[in-house]
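Engineer: Pasting a predicted model and its sequence here:
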Amino acid sequence: MKDFLQSPKIKIFLSVLLVLIMLAVFTRNVENNFVSTTLNTLTYGLSKVTAAATADHDSNKSYDELKAENEALTAANRELRARLVDYYNVKEENTRLWMFYDLKKEHEDYQLIPATVLRRDTNDEFGSFTIDKGTASQISVGDPVMGENGLIGWISEADAYTAKVITILSPQTSIGAIDNATNDTGIITGSANYADDNRTTFSKLNSENKVEEGDIITSSGASGIYPKGIPLGEVIEIGYDTYDTSYYAVIEPYDDIKKVLDVAVVTDFDGQGEILKRESAE
């Protein structure tokens, strides 16, 4: 390229080009149009010559050199893609962690494992689903599962990398609960009568209960299976079960359980399993 720029012909060409540029500056109207046209023509020719010189330079490279350059670029591109994937994975994980930041801040004793819903059991009317974390992440059967706004279920099965969650909409669920306003206690368990509407029941209330619509129901922590004080939902209706002659309340959870995408599994908390430990000791 250096030899090309120093050749006599290119020096003459550049000198003529410089004169034409000066004419373009100091001439007007028709003369200016003529000079501009000429200048454009010559400039186009120069770009062709320069491109040819560059192409000639590249053509001097051997096949092996070009192949090596191509392989190096391909490898670099592959590495950049991998780093980009890692970046998005970390970003997604951090987003899930921030969802439960307030919960962790309020309950420093909780060990939380964020997870994502992989699939839902379409044959289960109570909204059970499978998450992308399992025993390899220290998740165990019976661990509580949190949504962004409260307790939504528990781990019923787990393998190394996935786990199944039974929700609080299911009759399989039994969680000791308490009315924060009245201190009435009962059991959170699902019912086919309410699951389609994303609702569950606060059952086994005594006849003198003072539960009212709008009351907030939380976990009592009495069994040692679930942490104490986790929101379960709000009372929207009071009912009476003629079958077992007891009162119950219909509860609306704070999360839309059948649409939740991100959850956190509570793998450890202060007081976990204390009741079971005492019973086994006795």
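Structural biologist: Okay, I see it. Numbers count the residues shown, from 1 in each chain.

Engineer: what's around the closest residue to residue 112 other than its chain neighbours, how many residues?
Structural biologist: By the measure of Cβ to Cβ, 6 or more residues apart in numbering, the closest residue to residue 112 outside its immediate chain neighbours is residue 264, 4.5 Å from it. C-beta here means a position set from N, CA and C on the backbone, and glycine is covered the same way. Residue 264 has 24 neighbours, counted by other Cβ atoms under 10 Å.

Engineer: before we move on, which element is residue 264 in?
Structural biologist: For residue 264, the element it lies in under DSSP states H and E is strand 262-268.

Engineer: Pull out the buried residues from that strand.
Structural biologist: 262, 263, 264, 265, 266, 267 (16 or more other Cβ atoms under 10 Å).

Engineer: now do stretch 144-156
Structural biologist: Buried residues in stretch 144-156 (16+ other Cβ under 10 Å): 144, 145, 146, 147, 148, 150, 151, 152, 153, 154, 155, 156.

Engineer: In strands only, show me the residues you listed.
Structural biologist: Of the positions in the buried residues of stretch 144-156, 144, 145, 146, 151, 152, 153, 154, 155, 156 sit in strands, assigned by DSSP state E.

Engineer: Those: which two are farthest apart?
Structural biologist: Farthest-apart pair in these is 146 and 156; separation 15.7 Å (Cβ to Cβ).

Engineer: for residue 204, what are its contacts?
Structural biologist: Contact criterion Cβ atoms under 8 Å, 6 or more residues apart in numbering gives 186, 187, 246, 248 as the residues in contact with residue 204.

Engineer: returning to that earlier point: settle this for me: the residue nearest to residue 112 is touching residue 100, isn't it.
Structural biologist: Yes: in this structure, residue 264 is within contact of residue 100 by Cβ atoms under 8 Å, at 4.6 Å.

Engineer: Please give me every residue in contact with residue 165.
Structural biologist: 128, 129, 130, 131, 145, 152, 153, 154, 155, 156, 263 are the contacts of residue 165 under Cβ under 8 Å, 6+ apart.

Engineer: Can you tell me the closest non-neighbouring residue to it?
Structural biologist: Spatial nearest neighbour of residue 165, excluding adjacent residues (Cβ to Cβ, 6+ apart): residue 153 at 4.5 Å.

Engineer: Go ahead and confirm residue 202 touches residue 252.
Structural biologist: No: Residue 202 sits out of contact with residue 252 when judged by Cβ under 8 Å, with a separation of 10.8 Å.

Engineer: quick one: which of these two has more around it?
Structural biologist: Neighbour count, other Cβ under 10 Å: between residue 202 and residue 252, residue 202 has more, with 28 against 17.

Engineer: ok, back up a step: so what's the residue nearest to residue 112 up against?
Structural biologist: Counting by Cβ under 8 Å, 6+ apart, residue 264 has contacts 96, 99, 100, 103, 112, 113, 114, 115, 145, 146.

Engineer: Tell me the secondary structure of the fifth one, please.
Structural biologist: Right, residue 112. Following DSSP: H, G, I helix; E, B strand; the rest coil, the label given to residue 112 is strand.

Engineer: as a whole number, average confidence for the strand holding residue 264?
Structural biologist: Here strand 262-268 scores 93 as its mean pLDDT.

Engineer: so what's residue 196 up against?
Structural biologist: residue 125.

Engineer: hmm, which of the contacts of residue 204 are the buried ones?
Structural biologist: Buried among these by 16+ other Cβ under 10 Å: 186, 187, 246, 248.

Engineer: Make TSV out of those and add secondary structure.
Structural biologist: As requested, the buried ones among the contacts of residue 204 are exported to TSV (three-state DSSP):
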residue	secondary structure
186	strand
187	strand
246	strand
248	strand
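
Engineer: on that earlier part again, any idea which of the buried residues of strand 262-268 is the one closest to residue 179?
Structural biologist: residue 266 (22.4 Å).

Engineer: wait, which of the contacts of residue 264 is closest to residue 232?
Structural biologist: The nearest member of the contacts of residue 264 to residue 232, counting by Cβ to Cβ, is residue 146 at 11.1 Å.
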